[in-house]
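>>> missing the sequence, but the structure's below:
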């Protein structure tokens, strides 16, 4: 049961209230009751718990809007329990799981089952995307209305891109009627073909087939026109190219209801990371050029890109321990979302408030979740962070069952010291 908790000596960050101050916060019965600076009168906490943050950051818990679960169907890669443990260590209090499981989350019954089982496990809140199409095939729309009634927070297609424009138009039309976002992976599969990495000078030098940046941009521009036609809230997932940033920026200027997210590999790494044929760097979309990486950062800075997601994909280590062209795509990311975003803060690319706008406030708003803010009256979903704690990324130490990351061995800063969901502290396992 949640109780009264008074957090003191905290560096409070809340982008919704534009708070960046030293102060205190009072939570009671799972709700934020009051918040103030050190100069404001502090409430008593005689009948509750007092937590001295000792200057640590106290912020809204992160909302990860792009996570692949291994449950159901691939529990050897990730269980709901391991997913929640990994999210806890990553400072995440809410996460939305993609429908690309086995079987696919394409019915109300599947959503009911997963959310019920997830609710029995302590830890961060798990939300479900409903599949846009039955069994994530390209032609038949799934039962969107029934899934929305069962609690689907949006409709998505996993890492598959719907190639049939008429099918997508119908999905968008229904999603608009249901007031649910459409979350789409943009990839023209005719253009990507059998490509293993970004198409360019590096792919030529390495002797590998490439995927052109145009494969992302062509589908995105088509989707923008369909969103304009249907009035749906369209969300472009894990964008990776300068052309995509430019197209989204222009669409926003023209009044299209569009948002977008990216993931840490696309603003911290480029295609040169593939030069050693390290399969951990084989992702979908692929790592792009340095010019694309800079464009992604600019999009994060100017508001073109609304959110940062982990793009967590549990992978079979045996399938990664293959020659690069035969290896599977994907990598673990859920435990690194916070610390890799902190890299942008430490280099001066974004502010602390912008970091939590991208990882907490905006994802919650896009998915209409009760999260992402420290405004009194909101749920007490909180994360306490020591921003200066230094450590080295070692996949073997992950709580996720998937321990392969393109950031292996990198020095980083930022450690989660505490996590509260609905005012209840979630244990951080050693």
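In hand now; what should we look at? This is a predicted model, so every value here is computed, not measured. Residues are numbered from 1 along each chain as shown.

>>> who touches residue 133 in this structure?
Listed by Cβ atoms under 8 Å, 6 or more residues apart in numbering, the contact partners of residue 133 are 106, 139, 140, 141, 142, 157, 162, 167, 171. For every residue, glycine as well, the C-beta is placed using N, CA and C.

>>> helix or strand for residue 26, which one?
Element membership for residue 26, per DSSP states H and E: strand 19-28.

>>> name the residues of that strand that come out as buried.
Buried residues in strand 19-28, counted by 16 or more other Cβ atoms under 10 Å: 19, 21, 23, 24, 25, 26, 27, 28.

>>> before we move on, the earlier item: among the contacts of residue 133, which are located in strands?
Nothing among the contacts of residue 133 maps onto strands, per DSSP state E.

>>> hmm, back to that, contacts for the strand holding residue 26?
The contact list for strand 19-28 (Cβ under 8 Å, 6+ apart) reads 2-13, 32-38, 40, 42-43, 45, 48, 55, 58, 351-353, 374, 380, 382, 420, 423.

>>> same thing but 6 Å
Contact with strand 19-28 is made by 4-8, 12-13, 33-38, 42-43, 353, 380, 423, as judged by Cβ atoms under 6 Å, 6 or more residues apart in numbering.

>>> those residues in helices, which ones?
Using DSSP state H, the members of the contacts of strand 19-28 that fall within helices are residue 353.

>>> just the buried residues of the contacts of strand 19-28.
4-8, 12-13, 33, 35-36, 42, 353, 380, 423.

>>> farthest-separated two in the residues you listed?
4 and 353 (27.5 Å; Cβ to Cβ).

>>> ok, now which ones touch residue 180?
Contact analysis of residue 180 by Cβ under 6 Å, 6+ apart lists 148, 154, 155.

>>> quick one on the thing from earlier: output the contacts of residue 133 in TSV, with neighbour count appended to each entry.
Output for the contacts of residue 133, formatted as TSV (neighbours: other Cβ atoms under 10 Å):
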residue	neighbour count
106	25
139	11
140	10
141	19
142	24
157	23
162	25
167	17
171	24
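
>>> from those residues, which is closest to residue 285?
residue 157 (14.0 Å).

>>> helices along the stretch 301-430 of the chain, start to end?
Counting by DSSP state H, counting those that start in this stretch, the segments of the stretch 301-430 of the chain that form helices are 317-320, 337-346, 352-356, 362-367.

>>> please produce a markdown table containing the ones you listed, extended by mean pLDDT.
A markdown table is the format used below for the helices of the stretch 301-430 of the chain (pLDDT from 0 to 100):
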| stretch | mean pLDDT |
| --- | --- |
| helix 317-320 | 94 |
| helix 337-346 | 98 |
| helix 352-356 | 98 |
| helix 362-367 | 98 |
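
>>> thank you, goodbye.
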